[in-house]
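Trainee: Structure of the sequence below:
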Amino acid sequence: MKKQIARSGEGESASGGKQKKLITAGFLLFLTFGLASAQTVDELQNDVNKKQAKLSQVQSEINNLQTDINRMQKQAASLKNEIALYDLQIKQTETKIEASRLEIEALQAKIAEIELSIQEKLEQIERQKKFLAETLRLINEYDALNSLEIALGNDTFSEFLDQVTYAGNLQEKIGDILDEIRMLKAQLEQKKADLTTELANEERVKQELELAEASLQDQRGMKAGLLSATRGQEKIYQTLLSSASQKQEQIEREIFETEAAIRQKLGDKSAPLITSGLLRWPMSGILTQGYGKTGFTALGYSFHNGLDIAAPAGTTVYAAGDGIVEATGRGTAAYGNWVVLKHALAKDGRVFNIYTLYAHLSAIKVSAGQAVMAGDVVGAEGNTGNTTRLLYGPERGYHLHFTIFDEDGFGIKPGAYQDTYGPYQLPYGYTYNPLDFLK
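Mentor: I've put the predicted structure just below:
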């Protein structure tokens, strides 16, 4: 009987040794796989970093071109200057296309890195599950033996204590493995969320690329059209410029006089819930014209009812805050293609509404009645409508006009000069300085 129990103990000891070897082998496998994966992830991360560095250089070039464009805009309108502006904007759009392609490559490398990390986490979880299953099996085998059998199966009391300690360690190991699995699953879920975000970013940049490529063709066509219309002669250009100026002044005066009448009726109003950082900037770019009496009177008005933000063709425009799409419009006059969002602001039990206008869009990505969150894509920046496109060609060029209206006095009406410009609608109301709301 003693020999039989001893053989049982020897079997258990062998099993214990097997488990120790299994854990050791598994740990070494984990280190080996982890090191190999880390090197692969590092290579991908290095690739991302290199592309991001190059992207930063290209973005800097885009900003420098925007500075040149802004400087050229301040020069006297002439055919020579207008052609130079077209060339600058075409070059900027070409650079924007290069930047979008670089960003797509960087995002694809990052997506590959995340997918590799997800696979790594899945394999780590499976290894931990195997460790857990083997640990539970060993514990069950220990539970099948009583203390006397284990004691008789060992030659010395020290060996007996080693076996008991090892059994206790197995119990503790279960908790460690479960904690590790929970942690790995949490990391896995975060990686999956990161992957979803980056895939959405990739799709957004691909759309930007498509818009920029379409805008590039449009810009080249406009330059060719200008040269054809003027036959390269300054005198013809100035005649066309004078005619366009008179027509555009009508549109700008329509906006100015409509909103001036509302201000006179409502008096001076304080902006509701003026809070720093209430809204986010709707587009990345350079602020080219502020709000209020900016002195830009060449078009027949002295008050600018919003902000102008300039960026390369196809730059994405985002919702400045949570809200509902109040309306959208399209046309060749006034604001061109535009979107208006309605935002509800609440404080101390009171609710205020404001409206944000996104004008001169090249593309609209929302529809009336749609709910949007801050940061959702509204459209793409463009040069549609009355952006002095006819007056000075691309002097102001591609930009976003962003206005904030109070709910009192806000409305949308048919444009007054549809016989000249075709159908268009005009959002109007009591305006606030957007800088008071933006973070």
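Trainee: Tell me how the chain divides into domains.
Mentor: Per automatic domain parsing, the structural domains of the chain span 2-210, 233-436.
Trainee: what's near enough to touch residue 99?
Mentor: 55, 58-59, 62, 312 (C-beta atoms under 8 Å, 6 or more residues apart in numbering). Glycine gets a C-beta too; all of them are placed from N, C-alpha and C.
Trainee: er, residue 331 actually
Mentor: 337, 384-385, 415, 421-425.
Trainee: Repeat the analysis, applying 7 Å as the threshold.
Mentor: 385, 421-425 (C-beta atoms under 7 Å, 6 or more residues apart in numbering).
Trainee: before we move on, what about residue 355?
Mentor: By C-beta under 7 Å, 6+ apart, residue 355 lies in contact with 326, 340-342, 405, 410, 429.
Trainee: show me where the stretch 151-300 of the chain has strands.
Mentor: 286-289 (DSSP state E, counting those that start in this stretch).
Trainee: Tell me how many other residues surround residue 71.
Mentor: Neighbours of residue 71 under the rule other C-beta atoms under 10 Å: 10.
Trainee: Can you report how many residues lie near residue 351?
Mentor: Residue 351 - counted by other C-beta under 10 Å - has 10 other residues nearby.
Trainee: what bridges to the closest residue to it other than its chain neighbours?
Mentor: Counting by C-beta to C-beta, 6 or more residues apart in numbering, residue 344 is the residue found nearest to residue 351 once chain neighbours are left out, at 5.7 Å. Beta-bridge partners for residue 344, by DSSP bridges, are residue 353.
Trainee: quick one: what helix or strand has residue 317 in it?
Mentor: strand 316-318 (DSSP states H and E).
Trainee: Now that strand: average pLDDT?
Mentor: Mean pLDDT, computed over strand 316-318, is 92.
Trainee: where in the chain is pLDDT low?
Mentor: Low-confidence segments of the chain (pLDDT under 70): 1-39, 41, 138-173, 273-277, 294-302, 347-348, 386-396.
Trainee: As a check, name the ranges of all helices in it.
Mentor: Along the chain, the segments classed as helices by DSSP state H run 2-73, 79-143, 147-152, 157-230, 234-266, 389-392, 418-421.
Trainee: from these, which stretch is densest packed?
Mentor: Comparing those by mean neighbour count (mean count of other C-beta atoms under 10 Å), helix 389-392 ranks first with a mean of 21.
Trainee: tell me, how many neighbours does the closest residue to residue 329 other than its chain neighbours end up with?
Mentor: Among residues not flanking residue 329 along the chain, residue 425 sits closest, at 4.4 Å (C-beta to C-beta, 6+ apart). When neighbours are defined as other C-beta under 10 Å, residue 425 has 19 of them.
Trainee: What residues does residue 425 make contact with?
Mentor: Contacts of residue 425 (C-beta under 7 Å, 6+ apart): 329, 331, 412-415.
Trainee: what do you get if the cut-off is 6 Å, keeping everything else the same?
Mentor: By C-beta atoms under 6 Å, 6 or more residues apart in numbering, the contact set of residue 425 is 329, 412, 414.
Trainee: Report the beta-bridge partners for it.
Mentor: residue 414.
Trainee: roughly how far apart are it and residue 381?
Mentor: To residue 381, residue 425 is 20 Å away according to C-beta to C-beta, to the nearest Å.
Trainee: just residue 196 next, same as before
Mentor: For residue 196 relative to residue 381 (C-beta to C-beta), the value is 26 Å.
Trainee: and what of residue 414?
Mentor: 25 Å.
Trainee: residues near residue 374, how many?
Mentor: Applying other C-beta under 10 Å, I find that residue 374 has 14 neighbouring residues.
Trainee: surely it meets residue 322?
Mentor: Yes: applying C-beta atoms under 6 Å, one finds residue 374 in contact with residue 322, separated by 5.4 Å.
Trainee: In PyMOL, how would I select just the buried ones from the contacts of residue 425?
Mentor: Those of the contacts of residue 425 that count as buried under 16 or more other C-beta atoms under 10 Å are selected in PyMOL with:
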select buried, resi 329
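Trainee: which one of the contacts of residue 425 is nearest residue 308?
Mentor: residue 329 (18.6 Å; C-beta to C-beta).
Trainee: For the closest one, give the beta-bridge partners.
Mentor: Beta-bridge partners, per DSSP bridges, of residue 329: residue 338.
Trainee: please begin residue numbering at 534 from this point
Mentor: Sure, I'll start counting at 534 from here, so that last one is residue 862.
Trainee: Any chance of TSV for the domains of the chain, columns distance to residue 755?
Mentor: Shown next, in TSV, are the domains of the chain (distance: least, C-beta to C-beta, whole Å):
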stretch	distance to residue 755
domain 535-743	7
domain 766-969	7
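Trainee: picking that back up, pick out the most distant pair among the contacts of residue 888.
Mentor: Applying C-beta to C-beta across the contacts of residue 888, the maximum distance is between 874 and 962, 13.4 Å.
Trainee: Using PDB, write out every CA atom in stretch 934-941.
Mentor: Output of stretch 934-941 as PDB, limited to C-alpha atoms (Å, rounded to 0.1, in the frame of the first residue of the first chain):
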ATOM      1  CA  HIS A 934     -17.700  81.800 -43.900                       C
ATOM      2  CA  PHE A 935     -18.900  81.000 -40.300                       C
ATOM      3  CA  THR A 936     -21.700  83.000 -38.700                       C
ATOM      4  CA  ILE A 937     -23.600  82.700 -35.400                       C
ATOM      5  CA  PHE A 938     -27.200  84.000 -35.200                       C
ATOM      6  CA  ASP A 939     -29.400  84.600 -32.200                       C
ATOM      7  CA  GLU A 940     -32.800  82.800 -32.300                       C
ATOM      8  CA  ASP A 941     -34.600  86.200 -32.200                       C
END
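Trainee: How far does it sit from its chain's centre?
Mentor: 24 Å (C-alpha atoms, centre = their mean, to the nearest Å).
Trainee: same thing with stretch 584-604?
Mentor: Relative to the chain's own centre, stretch 584-604 is displaced by 19 Å; criterion: C-alpha atoms, centre = their mean.
Trainee: and what of stretch 872-885?
Mentor: 24 Å.
Trainee: can you pull the buried residues of it?
Mentor: Applying a neighbour-count criterion of 16+ other C-beta under 10 Å, one finds 872-876, 878 buried in stretch 872-885.
Trainee: Spatially central residue for the protein, please.
Mentor: Central residue of the chain (C-alpha atoms, centre = their mean): residue 734, 6.2 Å from the mean position.
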